[in-house]
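*Asks:* Fold the following, please.
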Amino acid sequence: MGSRLHGIIAKEFLQLGRDRLALTLMLFVPVAMLFIFGWAINTDVKHVPTAVVDLSGSVEARKLLEAFENSQYFDIRHRAANTRELTRMIDDGSAKVGVVIPPDYARELARKQARVQVIVDASDPQVATSAMNAAAALGADRSLEILTETAGGAVLRKDAPPLDLRVRAWYNPDLVSAIFIVPGLIGALLMQTTVSVMAIAIVRERERGTLEALVVSPIRRWELLLGKIIPNLLVAYGQMTMALVVAHFVFDVPIRGSLALLYGLSAVFMWGTLGVGILVSAASRTVPQAMQLSFMTFLPSIYLSGLLFPIEGMPRGAQYIASIIPLTYYLRIVRGIVLKGIGLEYLWPSVLPLVAFGAIVFSLSIVRFRKQLD
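*Replies:* So this is what the prediction gives:
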């Protein structure tokens, strides 16, 4: 019995040694998951991109903005001339927080109480909660500093703090997590369908020997590839439609933008993910290998794209990785259209990376697919 068991164990180790791709994935995936989870899970979001409209220009206003920057929760990256420009920055996602200081800020601060408006993009509840809590704490600390600087101020103003930070949450004022997550799941569904299903479909044809039969048939190569792509696209659009219906009628997710624009830009996203699926099929010899490689594309995309965890809370290295993940840009598109109702004039900075990614990856996949058929 011992020799038979030893023989089976030796045989399994030999098979693992021959399948180097499977062995590499088995060893690499757990380590990658540890890194990704460690990077992604961070509830304390700092350095939130912030835009400022300073209509006062006073010394007191500059002290307030310095307090915002010194808190480490806000990074003042933009200066807007008016509230309309500030709104545009929040709409296009370049700023998550907006601070509006009124022109009479210094005078009102000296008289009784000055009000400052803080606008928070609440489409991401985790970022919004962190920013709102930090703003409230900052307002209380700054009021205490002003009171200590004023002789007798603690007695004169005990019922009304000198600084009143009025926080307003846009797009998701109730901070409902489903409104943030459910639209993002559309991108995950499209990616799963176009990458894994596409890769498995081609590898399965190769395993069964039917791919070679199709090659020698009168069917042209572009017709063969297009015949594989179109059904996956239709299935992906069907999933997307059902997801939007469920999101709106079950989870009360508002659909404020153009569905035609959303469907059109989804095709740009799937252009690149279909190419990834073809490349995965070219690197795989069996269906399990195709599934494992597809999983390796999902792993960083799901956790580092901003689907579940805010990118602002990740370390700098993880943010660089997020910037080369296509799902990162598609999530900005789908959430911008669905939650904010914005158009292409705001979304083009996210569309251009998807176009570049799609052109490069799909071209490489076609070249690799043709070499495989040859």
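*Asks:* going forward, measure contacts and count neighbours with C-alpha atoms only.
*Replies:* Will do.
*Asks:* where does the stretch 101-250 of the chain have low pLDDT?
*Replies:* 149-159, 209-219, 221-222 (pLDDT under 70).
*Asks:* now do 50
*Replies:* For the stretch 101-250 of the chain, the stretches with pLDDT under 50 are 153-157.
*Asks:* what ranges do the strands span in it?
*Replies:* Applying DSSP state E, counting those that start in this stretch to the stretch 101-250 of the chain gives strands spanning 114-121, 163-170.
*Asks:* Can you name the next helix or strand after the helix or strand that residue 272 is a member of?
*Replies:* Here residue 272 sits within helix 259-283, counting by DSSP states H and E. As assigned by DSSP H and E, the chain's next helix or strand after helix 259-283 is helix 287-304.
*Asks:* Just the buried residues of that next one, please?
*Replies:* 287, 289-304 (16 or more other C-alpha atoms under 10 Å).
*Asks:* That one to helix 259-283, inter-axis angle?
*Replies:* Put simply, helix 287-304 runs at 140 degrees to helix 259-283, going by axes from the mean of the first three to the mean of the last three C-alpha atoms, to 10 degrees.
*Asks:* Show me what helix 287-304 is packed up against.
*Replies:* Using 3 or more C-alpha pairs under 8 Å, 6 or more residues apart in numbering; DSSP states H and E, the elements in contact with helix 287-304 are helix 20-40, helix 198-208, helix 259-283, helix 316-322, helix 326-335.
*Asks:* cutoff 10 Å now
*Replies:* With contacts taken as 3 or more C-alpha pairs under 10 Å, 6 or more residues apart in numbering; DSSP states H and E, helix 287-304 sits against helix 20-40, helix 177-192, helix 198-208, helix 259-283, helix 316-322, helix 326-335.
*Asks:* relative to strand 114-121, how tilted is the helix or strand following the first one?
*Replies:* Stepping forward along the backbone from helix 20-40, the first helix or strand reached (DSSP H and E) is strand 48-54. Taking the same axes, to 10 degrees, one finds strand 48-54 and strand 114-121 inclined to each other by 140 degrees.
*Asks:* Show the average pLDDT along strand 48-54.
*Replies:* Across strand 48-54, pLDDT averages out at 93.
*Asks:* strand partners of it, parallel vs antiparallel please.
*Replies:* Strand pairing for strand 48-54, using DSSP bridges, gives strand 74-79 (parallel), strand 97-101 (parallel).
*Asks:* most packed of these?
*Replies:* Most buried of the strands paired with strand 48-54, by mean neighbour count (mean count of other C-alpha atoms under 10 Å): strand 97-101, with a mean of 25.
*Asks:* could I get that strand in CSV with only the CA atoms?
*Replies:* Extracted in CSV, the C-alpha atoms of strand 97-101 (Å, rounded to 0.1, in the frame of the first residue of the first chain):
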residue,chain,number,x,y,z
VAL,A,97,-14.4,68.0,-2.0
GLY,A,98,-15.2,71.6,-2.7
VAL,A,99,-14.7,74.5,-0.2
VAL,A,100,-16.4,77.8,-0.8
ILE,A,101,-15.3,80.7,1.4
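*Asks:* Go ahead and measure how far it is from the middle of the chain.
*Replies:* 24 Å (C-alpha atoms, centre = their mean, to the nearest Å).
*Asks:* So which residue is dead centre in the chain?
*Replies:* residue 306 (3.0 Å; C-alpha atoms, centre = their mean).
*Asks:* Which helix or which strand is home to it?
*Replies:* Going by DSSP H and E, residue 306 is not in any helix or strand.
*Asks:* What's the per-residue pLDDT of it here?
*Replies:* 86.
*Asks:* Would you mind confirming that it makes contact with residue 335?
*Replies:* No - taking contacts as C-alpha atoms under 10 Å, residue 306 lies outside contact range of residue 335: 11.1 Å.
*Asks:* Identify the contacts common to these two.
*Replies:* 124, 181, 184 (C-alpha atoms under 10 Å, 6 or more residues apart in numbering).
*Asks:* which residues touch the last one?
*Replies:* Read that as residue 184. Contacts of residue 184 by C-alpha under 10 Å, 6+ apart are 178, 302, 305-308, 327-328, 330-335.
*Asks:* Quickly name whichever of these is closest to residue 244.
*Replies:* Using C-alpha to C-alpha, residue 334 comes nearest to residue 244 of the contacts of residue 184, at 10.8 Å.
*Asks:* Could you count how many residues lie near the closest one?
*Replies:* 26 (other C-alpha atoms under 10 Å).
*Asks:* Repeat that for residue 108.
*Replies:* 15.
*Asks:* Check residue 102 too.
*Replies:* For residue 102, using other C-alpha under 10 Å, the count is 18.
*Asks:* now residue 230
*Replies:* 11.
*Asks:* now do residue 238
*Replies:* Residue 238: 12 neighbours (other C-alpha under 10 Å).
*Asks:* And the one 10 residues further on, by the same measure?
*Replies:* The number of residues packed around residue 248, counting by other C-alpha under 10 Å, is 17.
*Asks:* and what of residue 130?
*Replies:* Residue 130 has 16 nearby residues by other C-alpha under 10 Å.
*Asks:* Please verify my assumption that it contacts residue 73.
*Replies:* Yes - under the criterion of C-alpha under 10 Å, residue 130 makes contact with residue 73 at 8.1 Å.
*Asks:* Can you lay out the strands paired with strand 48-54 as JSON lines showing distance to residue 140?
*Replies:* Output for these, formatted as JSON lines (distance: least, C-alpha to C-alpha, whole Å):
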{"stretch": "strand 74-79", "distance to residue 140": "16"}
{"stretch": "strand 97-101", "distance to residue 140": "16"}
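*Asks:* Figure out which of the ones you listed is closest to residue 189.
*Replies:* strand 97-101 (29.9 Å).
*Asks:* Measure how the closest one sits relative to strand 163-170, angle-wise.
*Replies:* Using the same axes, to 10 degrees: strand 97-101 against strand 163-170 is 140 degrees.
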